[in-house]
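Visitor: when you get a sec, could you give me coordinates for this:
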Amino acid sequence: MISKLTNIVVKASEFKDELKKKKDDETVIYTVHWDLDHKPSLDEAQDIVGGYVQMVHSPKLYDKGEEIKQILVNEEGLIYGFKGNTIASAMANMPLVGNALILEGEHMWD
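Guide: Okay, here's the model as predicted:
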């Protein structure tokens, strides 16, 4: 039986509640937009991506040489066989897997 993969976009402020609803559902991949009043800590980012954090670098995330968006994913997602994240992949214009954390503006890491 082939399971359907669901990509869900959610705000960071709603992620924990959303995750409780979909607990242990391997057919759900999240793209989380950080909307809290601080930059995410490493621990917060790791909780969202499910492990070690890797920042994605893509020309599509820049405008006139300025970084306008950061995408964080699990750096071992391919090793663990995480499913594709079509939303984050489209944003970065490259294949990405697993949950992704999107940072913009004042929330971006230095």
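Visitor: just how off-centre is the longest helix seen in the chain within its chain?
Guide: Secondary structure of the chain per DSSP state H: the longest helix is helix 12-21. Helix 12-21 sits 14 Å away from the centroid of its parent chain (Cα atoms, centre = their mean, to the nearest Å).
Visitor: quick one: list the elements packing against the following helix or strand past that helix.
Guide: Heading C-terminal from helix 12-21, the first helix or strand you meet, by DSSP states H and E, is strand 28-33. With contacts taken as 3 or more Cβ pairs under 8 Å, 6 or more residues apart in numbering; DSSP states H and E, strand 28-33 sits against strand 6-11, helix 12-21, helix 86-92, strand 100-104. Backbone N, C-alpha and C define where each C-beta goes, glycine included.
Visitor: on that earlier part again, the longest helix of the chain: which residues count as buried?
Guide: Ala12, Phe15, Leu19 (16 or more other Cβ atoms under 10 Å).
Visitor: so what's the first one up against?
Guide: Residues touching Ala12, when contacts are defined by Cβ atoms under 8 Å, 6 or more residues apart in numbering, comprise Val32, His33, Trp34, Asp35, Leu36, Pro40, Glu44, Ile48, Leu101.
Visitor: can you check the second one too?
Guide: Listed by Cβ under 8 Å, 6+ apart, the contact set of Phe15 reads Tyr30, Val32, Ile48.
Visitor: okay, the helices and strands packed on strand 28-33 in TSV with distance to Val53 and mean pLDDT next?
Guide: Below are the helices and strands packed on strand 28-33 laid out as TSV (distance: least, Cβ to Cβ, whole Å; pLDDT from 0 to 100):
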stretch	distance to Val53	mean pLDDT
strand 6-11	18	92
helix 12-21	14	86
helix 86-92	14	95
strand 100-104	8	96
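Visitor: Tyr52 is nearest to which of those?
Guide: strand 100-104 (12.8 Å; Cβ to Cβ).
Visitor: can I get that closest one as CSV, trimmed to CA atoms?
Guide: Provided in CSV are the C-alpha atoms of strand 100-104 (Å, rounded to 0.1, in the frame of the first residue of the first chain):
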residue,chain,number,x,y,z
ALA,A,100,11.9,22.6,7.4
LEU,A,101,12.2,25.8,9.5
ILE,A,102,11.8,29.0,7.6
LEU,A,103,13.4,32.2,9.0
GLU,A,104,12.9,35.7,7.7
